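Engineer: Sequence plus the predicted model coming up.
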Amino acid sequence: MNSNKNDSKIDMSLYDRQVRTYGEEASKRINSSNVVVYGLGGLGTEICKNLALGGVKNLYLYDRDLPSDRDIETGIYYQSKDYDKPKSSILITYLKELNPYTTLYDVDTITPDILENSTFYLHSNIHLLLDNIDK
């Protein structure tokens, strides 16, 4: 699944504080970054929210686990009605509302073996991989 509009020119005024803090060049680099987040519990959820708000270009979410009681307690986007949906599918519905310029991918076909394969990073131009598995 892929959502949001990434083809349009980014309105940099949305990132005014970011530009003033890090500079225009750094902000443009953030806005062209590809990030994979592996594990969407409490920490992973918060990281994804901040990355979307920060304006990364492509955000790949990977966590096919169903939310546990702990996830519902720690992840602000998980609710008890969501026990039957994978965490990545739940989270993507909320994150797409935060930033129309971040393209979100619900990565459900990639296994941990593929994520560990360095050719995946080279071919996908991934700039950052965050592993937040809490098992």
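Structural biologist: Here it is on my side, so go on.

Engineer: Go ahead and confirm Ser32 touches Ala26.
Structural biologist: No. Counting by CB atoms under 8 Å, Ser32 stays clear of Ala26, with 11.0 Å between them. For every residue, glycine as well, the C-beta is placed using N, CA and C.

Engineer: Common neighbours of those two, please.
Structural biologist: Counting by CB atoms under 8 Å, 6 or more residues apart in numbering, Ser32 and Ala26 have no common neighbour.

Engineer: pull the CA atoms of the helix or strand containing Thr21 into CSV?
Structural biologist: Using DSSP states H and E, the element containing Thr21 is helix 16-22. Output of helix 16-22 as CSV, limited to C-alpha atoms (Å, rounded to 0.1, in the frame of the first residue of the first chain):
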residue,chain,number,x,y,z
ASP,A,16,9.8,26.8,8.6
ARG,A,17,11.2,25.9,12.1
GLN,A,18,13.1,23.0,10.6
VAL,A,19,14.7,25.2,8.0
ARG,A,20,15.6,27.8,10.7
THR,A,21,17.1,25.2,12.9
TYR,A,22,19.0,22.9,10.4
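
Engineer: avg pLDDT for that helix?
Structural biologist: For helix 16-22, mean pLDDT rounds to 85.

Engineer: so where do the helices sit in the chain?
Structural biologist: Ranges of helices in the chain, per DSSP state H, are 16-22, 24-30, 42-54, 69-74, 87-95, 112-116, 118-124.

Engineer: could you dump those helices to TSV with mean neighbour count?
Structural biologist: Output for the helices of the chain, formatted as TSV (neighbours: other CB atoms under 10 Å):
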stretch	mean neighbour count
helix 16-22	13
helix 24-30	15
helix 42-54	19
helix 69-74	15
helix 87-95	22
helix 112-116	12
helix 118-124	11
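
Engineer: Name all residues that make contact with the residue of the chain most remote from its centre.
Structural biologist: Relative to the C-alpha centroid of the chain, counting by CA atoms, centre = their mean, Arg20 is the outermost residue, at 23.7 Å. By CB under 8 Å, 6+ apart, Arg20 lies in contact with nothing.

Engineer: so how far is Ser27 from it?
Structural biologist: Distance of Arg20 to Ser27, computed by CB to CB, to the nearest Å: 9 Å.

Engineer: Please apply the same query to Cys48.
Structural biologist: The value you get for Cys48 to Ser27, if CB to CB is used, is 19 Å.
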